[in-house]
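Trainee: structure of the sequence below:
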Amino acid sequence: MPFHRDFRAPTREERDSAIGHFPGACHTSETRRKMILADIESEVSMQSSLLHRPSLAKSGTAAEAALLDLDKPEVFSHSPRSETRLAIPSPRDDLDWLANVPEEGQTFDQYVQCLTSRSGRIRPSANAEGEDIVLLPIIKEDNDGVWSDCGPPLEKLVQYTQVFFDRNVRVLPAASVSSRILASKKRKRKGNIDTAEFKLRFPHNTESGGSGHPLATSVTIKGRANQKHMQLQVTSVLDALSTFRDQRSRSKEFCIMAITMEDLFDAPTDLFCAGMAFGGSKVAVFSFFRYHPHLKMHPGTWHDFEYAKKPSTYSYYENNKQNPKGLSPLPQPLANNAEFLRRSSKLLTHELGHLYGLDHCIFNRCLMMGTGHLVEDFQAPCHVCPVCLRKLQWRLGFDVSGRYALLSEAFIEMGLKKEASWTKKQYYLNT
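Mentor: I've put the predicted structure just below:
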């Protein structure tokens, strides 16, 4: 299967040079230092500041010293057999991302240029003053604000995200969503499609907003539903989320990312949409619904899905059969959450990477590769390649060795042995 006709795969030389020069970006050194150290220097004590920089606490490295990792090429050298040193694979399916999208890629130098001006100042789009990653669960109203036990364990996702980005992660009280059927229309082959009203209720918050307006706690959003299933329209949720964020006191918030086990869609023809971000507003919403390891779905009907007894890397009905036998209409709590955590943690960190300014990667097999469908998504690595790692280190200033040590522990906690082994190898390579 060929790449998109307008896509040109990078040469070996281009892949090697994408990581940039060592040392690099000297004209941004001082503004980068101020951006990364501002929060630490404002803390009353070092102990409280280290809560926001797990990699520094783990390694015992001073924040100033961790900044210097950026100019150490050995820090970004992955082990010889690491998949993150391999070139991106050619498309195997006509729905694969690079068969349809002519990605241009983003080198390390282009990343720095994107976030800084010619004088070296940090652009407002980088949200340099924002520190905390804020997660907002969206839960169906009749769940009483409790995260679904059929979803990935929320506390492990929080721990992993905090380690991955070396930033404090806060979880807000859950927002709730409800639907009310208004009318029903029967369509051939599609079953009943109902007209419904959807309400999104944000958690009560006493924080005053920068706009001076009171916080809106309940808004009407778009969606679609039938008697079996409902989907929320993703841009409608993002509009509401942007307003919610604007009305909050958010001096230390880098972004608000809504996460949910409710299903999403964008265009009327969509089967589903995993999620979307408004990068300028620093808000995003993502659904783990279609990432359930036991889920099986019809590839052409958004409300036709059931659950198999065993997990699978192929989420569609075999041979596109409708209503296959042996499936259950409801999911069961998972005894082993490892695969669900693998999938959902990749989705969460990939999309947060975009909010930090990282484009899709075309230089190596990498967490930041674009994916066009679930099968391709599930095959992507959990790790960033050396190019994208250096971008994150420039923006976040973490201690690379300390981060690897913490990632290994987090992967073990999630039951991901292969990923834990990989990070251990990188840690020993750096120490």
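Trainee: do a quick rundown of the helices in this structure.
Mentor: In the chain, the helices defined using DSSP state H lie at 12-17, 29-42, 46-50, 54-59, 63-67, 97-100, 108-115, 154-165, 234-246, 338-355, 374-379, 386-396, 400-414, 417-430.
Trainee: okay if I get these as CSV plus distance to residue 331, mean neighbour count and mean pLDDT?
Mentor: (C-beta placed from N, C-alpha, C; glycine too.) Below are the helices of the chain laid out as CSV (distance: least, C-beta to C-beta, whole Å; neighbours: other C-beta atoms under 10 Å; pLDDT from 0 to 100):
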stretch, distance to residue 331, mean neighbour count, mean pLDDT
helix 12-17, 41, 13, 96
helix 29-42, 40, 16, 78
helix 46-50, 39, 13, 49
helix 54-59, 33, 22, 86
helix 63-67, 42, 18, 88
helix 97-100, 28, 20, 96
helix 108-115, 39, 19, 94
helix 154-165, 16, 20, 96
helix 234-246, 22, 21, 94
helix 338-355, 10, 21, 96
helix 374-379, 16, 18, 94
helix 386-396, 33, 24, 96
helix 400-414, 19, 22, 96
helix 417-430, 24, 17, 94
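Trainee: nearest to residue 2, out of these?
Mentor: With C-beta to C-beta, the closest approach to residue 2 among those belongs to helix 97-100: 7.1 Å.
Trainee: residues near residue 232, how many?
Mentor: If you count neighbours by other C-beta atoms under 10 Å, residue 232 ends up with 24.
Trainee: name the residues linked to it by a beta bridge.
Mentor: Beta bridges link residue 232 to residue 223, residue 264 when assigned by DSSP bridges.
Trainee: that one contacts residue 264, doesn't it?
Mentor: Yes. Residue 232 is within contact range of residue 264, at 5.5 Å (criterion: C-beta atoms under 8 Å).
Trainee: measure the spatially most central residue of the chain to residue 172 for me?
Mentor: For the chain, the residue nearest the mean C-alpha position is residue 348 (2.5 Å; C-alpha atoms, centre = their mean). Distance of residue 348 to residue 172, given as C-beta to C-beta, to the nearest Å: 15 Å.
Trainee: stretch 111-130 spans what distance, first to last residue?
Mentor: One end of stretch 111-130 sits 18 Å from the other (C-alpha to C-alpha, to the nearest Å).
Trainee: hmm, who's touching it?
Mentor: Applying C-beta atoms under 8 Å, 6 or more residues apart in numbering, the external contacts of stretch 111-130 come out as 20, 24-25, 27-32, 35, 38, 106, 250-255, 279-280, 282, 357-359, 391, 394-395.
Trainee: do the same with stretch 223-236
Mentor: Residues from elsewhere that reach stretch 223-236 (C-beta under 8 Å, 6+ apart): 177, 179, 181, 184, 191-194, 196, 198, 221-222, 260, 262-266, 272-273, 275-276, 285, 302-303, 305, 329.
Trainee: repeat that for stretch 334-348.
Mentor: Under C-beta under 8 Å, 6+ apart, the answer for stretch 334-348 is 150-153, 156-157, 160-161, 257, 259, 274-275, 286, 288, 291-294, 311, 367, 377-378, 380, 382, 414-416, 419.
Trainee: of those residues, select the buried ones using a ChimeraX command.
Mentor: In ChimeraX, a selection of the buried entries from these looks like this (16 or more other C-beta atoms under 10 Å):
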select :150,151,152,153,156,157,160,161,257,259,274,275,286,288,291,292,293,294,367,377,378,380,382,414,416,419
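Trainee: tell me if I'm right that residue 166 and residue 54 touch.
Mentor: Yes. With contact defined as C-beta under 8 Å, residue 166 reaches residue 54; the gap is 5.8 Å.
Trainee: now for these two: what residues contact both?
Mentor: Common neighbours of residue 166 and residue 54 (C-beta under 8 Å, 6+ apart) are residue 403.
Trainee: give me every residue that touches the closest residue to residue 20 other than its chain neighbours.
Mentor: In space, and not counting its chain neighbours, residue 20 is closest to residue 108: 3.7 Å by C-beta to C-beta, 6 or more residues apart in numbering. Residues in contact with residue 108 (C-beta under 8 Å, 6+ apart) are 18, 19, 20, 24, 387, 390, 391, 394.
Trainee: next one: the second one from residue 28, what distance?
Mentor: As defined by C-beta to C-beta, residue 19 lies at a distance of 16 Å from residue 28.
Trainee: same thing with the fifth one?
Mentor: Between residue 387 and residue 28 the distance, using C-beta to C-beta, works out to 17 Å.
Trainee: what ranges does the stretch 151-300 of the chain have for its strands?
Mentor: In the stretch 151-300 of the chain, the strands defined using DSSP state E, counting those that start in this stretch lie at 169-171, 175-187, 191-201, 218-221, 223-225, 230-233, 253-260, 263-265, 275-278, 283-287, 295-297.
Trainee: most tightly surrounded among these?
Mentor: Looking across the strands of the stretch 151-300 of the chain with neighbours counted as mean count of other C-beta atoms under 10 Å, the highest average goes to strand 283-287: a mean of 26.
Trainee: now do that strand against strand 253-260, angle only.
Mentor: Angle of strand 283-287 versus strand 253-260, following axes from the mean of the first three to the mean of the last three C-alpha atoms, to 10 degrees, is 20 degrees.
Trainee: C-alpha coordinates for strand 283-287, CSV please?
Mentor: The C-alpha coordinates for strand 283-287 follow below in CSV (Å, rounded to 0.1, in the frame of the first residue of the first chain):
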residue,chain,number,x,y,z
VAL,A,283,-9.1,22.3,26.1
ALA,A,284,-9.8,18.8,24.8
VAL,A,285,-12.2,16.0,25.2
PHE,A,286,-11.5,12.3,24.6
SER,A,287,-13.5,9.1,24.9
